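In: 3D model of this:
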Amino acid sequence: MPETVDAIVIGAGHNGLVAANTLADAGWDVLVLEAQPTPGGAVRSGEVAAEGFTTDLFSSFYPLTAASPIIKSMALEDYGLAWRHAPHVLAHPLRDGRAAVLSRDLDETADSLDAFAPGDGDAWRRLFEQWLEIKEPLLKALFTPFPPVKGGLGIVRSLGLPETLRFARFAVTPVRRYAEERFSGEGGGLLLAGNALHSDLFPEGPASALFGWLLCMLGQDVGFPVPEGGSGRLIDAMVERLNARAGQLRVSNRVDSVLLRGGRAVGVRTADGREVLARRAVLADVAAPILYDRLVGRENLPPRMREDLDRFEWDDATLKVNWALSGPVPWKAKGCAGAGTVHVGVDLDQLTDYAADLKTGRVPTRPFILFGQTTTADPTRSPAGTESAWAYTHLSRRGPLDSATVDAHVARMEVTLEEYAPGFRDLVIGRHVQRPSDLESSDASLDAGAINGGTSGLHQMLFFRPTPGLGRPETVISGLYLASSSAHPSGGVHGAPGWNAARAALSASRGTGRLASRGVVAATRYLARG
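Out: Down below sits the predicted model:
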């Protein structure tokens with residue numbers, strides 16, 4: 001007889017583990033199946049650059065995690081998780097030796113921006129005041145299923161209708177325009193636009209101001225913390241919490257297909273041919289194309305949804321380099337020395353050039369480099385006096401991603417770092433490169449190193465994510481839920497896609513919730529059929 005559980009979660013990324021823990025909290029018998037030999041998806045760490053140097057292999061620095069009410073509710077500190085902070089959150093240096101510095105100390109951030117133009121510090125203070133005014137309803141709106149009724153109403157109550165309209169305008173404004181409206185000098189724009197480029201939004205793109213502002217305000221408020229001992233400690237805590245609730249996790253167990261009967265997901269088939277049945281739900285913490293193309297099969301989808309999937313857009317390819325350094329990075333701009341994250345290589349105009357290269361298939365001649373100093377944030381990451389560092393940049397999916405192109409770009413990254421930190425290359429005692437293909441082989445959902453589960457462009461967000469629909473975790477197949485960053489509200493380590501999927505599955509198992517769930521699935525099917 002096949003093994004039977006209440007729910008199967010495909011994938012042990014952080015979203016899958018949030019979903020599994022949420023279901024286990026409700027008393028469900030949960031089984032998580034992970035293809036890789038270790039759990040975590042894009043939240044893992046290890047010693048790859050040199051012995052004794054811990055590297056965050058994928059994601060690192062977690063403002064969304066620190067602010068997420070979902071992660072907070074899990075009380076992971078009770079399971080060994082500890083957060084550490086760098087002296088400063090982030091810095092964005094220029095070639096002339098100046099740097100805009102974001103600090104959890106509001107006065108320090110303001111002083112940094114006033115050095116670019118007097119009065120810009122007060123402009124930043126006003127942005128932060130607005131953040132504090134709407135933080136709670138805004139986060140509720142971001143992290144709950146679409147439409148965000150309660151969070152949206154909370155924003156209106158906090159701001160009033162006239163200011164809510166102005167906030168709505170801001171939410172779709174390009175970050176370059178927003179910076180021009182708010183600041184006289186370059187500093188504020190560097191912080192906002194650099195943070196917007198943590199996604200694949202470009203400085204002239206709609207909604208880039210909102211994304212940049214969100215990360216900046218989170219940095220000002222909760223910082224960009226890291227788990228003590230490596231990003232994998234966050235996953236260790238989630239797994240330990242799941243074990244305490246009798247949930248099961250099996251690694252090196254790849255799911256090959258979702259079992260369908262009568263239009264409903266009833267279980268999965270693994271790579272070794274075993275079938276595992278689910279009495280209540282199957283939740284998929286995998287990218288949408290993997291779920292629908294590989295696990296469900298397009299023949300089981302409505303024709304219009306197949307067309308929509310053909311239009312699904314991945315975010316940019318990613319190249320990541322990890323270093324073991326014999327000493328601290330010798331930055332020319334002293335504001336970078338204590339920053340956990342440093343944005344290196346471009347000013348605001350060059351950010352536009354970089355984004356244009358990515359959109360048109362060119363290899364950027366001036367790469368925008370996100371550089372992480374994890375020992376600066378967490379001294380346990382490497383021996384005293386050394387630095388465990390990493391950097392990533394993007395390459396265009398339309399351009400070449402062959403070994404020669406990637407290797408040349410690694411060299412270009414190090415030339416850029418040498419320019420901003422003379423003597424950097426002399427400190428390198430170990431180097432480890434993660435090419436786009438390496439990232440994908442480590443986690444199939446990181447297609448060519450796509451780190452957000454699909455573009456963050458406005459055309460594939462909200463109720464357009466991952467295809468036009470309701471923006472909810474329910475799929476066209478009853479009992480099957482999308483629990484990955486391909487679902488609303490997209491990428492970032494905040495747990496919302498997994499939590500939303502688990503909540504939807506729980507609701508579908510109860511009285512009136514069962515009827516509501518059937519209505520949502522019926523509406524989703526209708527929209528997919530046209």
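In: Now the helix of greatest length in the chain: buried residues?
Out: If you go by DSSP state H, the chain has its longest helix at helix 120-143. Across helix 120-143, burial judged by 16 or more other Cβ atoms under 10 Å covers 120-121, 123-125, 127-128, 130-131, 134-135, 137-143. Where C-beta positions appear, they are placed from N, C-alpha and C, glycine not excepted.
In: Please apply the same query to stretch 250-264.
Out: So, applying 16+ other Cβ under 10 Å, buried residues of stretch 250-264: Asn253, Val255, Val258, Leu259, Leu260.
In: mind putting those residues in JSON lines, pLDDT and secondary structure included?
Out: Shown next, in JSON lines, are these (pLDDT from 0 to 100; DSSP: H, G, I helix; E, B strand; the rest coil):
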{"residue": "Asn253", "pLDDT": "98", "secondary structure": "coil"}
{"residue": "Val255", "pLDDT": "98", "secondary structure": "strand"}
{"residue": "Val258", "pLDDT": "98", "secondary structure": "strand"}
{"residue": "Leu259", "pLDDT": "98", "secondary structure": "strand"}
{"residue": "Leu260", "pLDDT": "98", "secondary structure": "strand"}
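In: Can you add distance to Asp25 and give those residues back as a markdown table?
Out: Listed next are the buried residues of stretch 250-264 as a markdown table, based on distance: Cβ to Cβ, whole Å:
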| residue | distance to Asp25 |
| --- | --- |
| Asn253 | 23 |
| Val255 | 23 |
| Val258 | 24 |
| Leu259 | 26 |
| Leu260 | 28 |
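In: Pull the most distant pair out of those residues.
Out: Largest separation among these by Cβ to Cβ: Asn253 and Leu260, giving 19.9 Å.
In: Quick check: Ile155 is in a helix.
Out: Yes - Ile155: assigned to a helix according to DSSP: H, G, I helix; E, B strand; the rest coil.
In: hang on, isn't it packed against Ala168?
Out: No - with contact defined as Cβ atoms under 8 Å, Ile155 does not count as touching Ala168 (9.3 Å).
In: The two: who's more crowded?
Out: Using other Cβ atoms under 10 Å as the criterion, Ile155 and Ala168 rank with Ile155 on top: 21 against 11.
In: which residues does the more buried one contact?
Out: Contacts for Ile155 were tallied using Cβ atoms under 8 Å, 6 or more residues apart in numbering; they are Ile134, Pro137, Leu138, Ala141, Thr164, Phe167.
In: Can you check the pLDDT for the last one?
Out: The confidence metric pLDDT takes the value 88 at Phe167.
In: quick one: pLDDT of the residue lying closest to Thr467 once chain neighbours are set aside?
Out: The shortest distance from Thr467 to any residue other than its chain neighbours is 3.7 Å, reached at Asp308 (Cβ to Cβ, 6 or more residues apart in numbering). For Asp308, the pLDDT comes out at 94.
In: repeat for Gly530
Out: Gly530 is assigned 68 on the pLDDT scale.
In: Find the helix or strand that Arg169 is a member of.
Out: helix 161-171 (DSSP states H and E).
In: And Leu90, by the same measure?
Out: Going by DSSP H and E, Leu90 is in strand 88-93.
In: Show me what the mean pLDDT comes to for that strand.
Out: 98.
In: helices or strands up against it?
Out: strand 99-102, helix 187-196, helix 208-222, strand 339-344 (3 or more Cβ pairs under 8 Å, 6 or more residues apart in numbering; DSSP states H and E).
In: how about it as CSV, C-alpha atoms only?
Out: The C-alpha trace of strand 88-93 is given here as CSV (Å, rounded to 0.1, in the frame of the first residue of the first chain):
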residue,chain,number,x,y,z
HIS,A,88,26.3,49.7,9.3
VAL,A,89,23.6,48.2,7.1
LEU,A,90,24.7,49.2,3.7
ALA,A,91,27.0,51.5,1.8
HIS,A,92,27.1,52.7,-1.8
PRO,A,93,30.5,54.2,-2.7
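In: what does the longest helix of the chain contact?
Out: Here helix 120-143 makes contact (Cβ under 8 Å, 6+ apart) with 67-70, 106, 109-114, 148, 150-155, 157-159, 167, 182-185, 187-188, 213-214, 216-217, 220-221, 489, 494, 496, 499-500.
In: Show the buried residues in the residues you listed.
Out: Looks like the contacts of helix 120-143 have 67-68, 70, 109-110, 112-114, 148, 151-152, 154-155, 158-159, 167, 182-183, 185, 187-188, 213-214, 216-217, 220-221, 489, 494, 496, 499-500 buried, using 16+ other Cβ under 10 Å.
In: mind checking how far the host helix or strand of the residue nearest to Thr467 is from the chain centre?
Out: Here Asp308 sits within helix 303-310, counting by DSSP H and E. For helix 303-310, the gap between its own C-alpha mean and the chain's C-alpha mean amounts to 25 Å (Cα atoms, centre = their mean, to the nearest Å).
In: For that helix, list every residue counted as buried.
Out: Neighbour-count burial for helix 303-310, counted by 16+ other Cβ under 10 Å, picks out Met305, Asp308, Leu309.
In: Dump the residues you listed into JSON lines; add distance to Leu192 as well.
Out: Below are those laid out as JSON lines (distance: Cβ to Cβ, whole Å):
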{"residue": "Met305", "distance to Leu192": "36"}
{"residue": "Asp308", "distance to Leu192": "32"}
{"residue": "Leu309", "distance to Leu192": "33"}
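In: quick one: contacts of the strand holding Leu90?
Out: So strand 88-93 is contacted by 99-104, 108, 190-191, 194-195, 219-220, 223-224, 331-333, 335-336, 338-344, 420 (Cβ under 8 Å, 6+ apart).
In: repeat for stretch 30-37
Out: Taking Cβ under 8 Å, 6+ apart as the rule, stretch 30-37 contacts 3, 5-12, 16-17, 20, 23-24, 39, 242, 247-255, 268, 270-271, 276, 442-444.
In: Can I have the buried ones of those residues as a PyMOL selection?
Out: In PyMOL, a selection of the buried entries from the contacts of stretch 30-37 looks like this (16+ other Cβ under 10 Å):
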select buried, resi 5+6+7+8+9+10+11+12+16+17+20+23+24+39+242+247+248+249+253+255+268+270+276+442+443+444
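In: Pick out whichever of the buried residues of helix 303-310 sits closest to Leu201.
Out: Asp308 (21.7 Å).
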